[in-house]
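In: fold the following for me, if possible:
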Amino acid sequence: MQNKLRKSATDKSISGVCGGIAEYFGMSSLGVRIIFIVLTPANLLIYIVLANTIPDSPPSL
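Out: Reported below is the predicted structural model:
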């Protein structure tokens, strides 16, 4: 089964975008958040686009 990019259901600060990216690449969500803030000059616009296009993770029991 292939790993799909989805918003995180457990590791979310605002909408789970950075947590989902961290789960997809197998790294720390704090590291993704720091990279996202430092390297992206238009981070707010990109975050809004990702929050609206990345699907939510399926609910777990």
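In: now residue 25. Nearest residue, chain neighbours left out?
Out: residue 32 (7.7 Å; CB to CB, 6 or more residues apart in numbering). C-beta coordinates here come from the backbone N, C-alpha and C atoms, glycine included.
In: wait, that neighbour touches residue 22, no?
Out: Yes: judged on CB atoms under 8 Å, residue 32 makes contact with residue 22 at a distance of 4.5 Å.
In: and residue 35, what element?
Out: For residue 35, the host element (DSSP states H and E) is helix 29-39.
In: just the mean pLDDT for that helix, thanks.
Out: Taken as a whole, helix 29-39 has an average pLDDT of 87.
In: can you give me the buried ones in it?
Out: In terms of neighbour count (16 or more other CB atoms under 10 Å), helix 29-39 has its buried residues at 29, 32, 33, 36.
In: ok, so of the residues you listed, who is nearest residue 5?
Out: The nearest member of those to residue 5, counting by CB to CB, is residue 32 at 12.2 Å.
In: so where's this structure shaky on pLDDT?
Out: Along the chain, the parts satisfying pLDDT under 70 run over 1, 61.
In: spatially nearest residue to residue 15 (excluding sequence neighbours)?
Out: Per CB to CB, 6+ apart, closest to residue 15 is residue 51, 4.5 Å.
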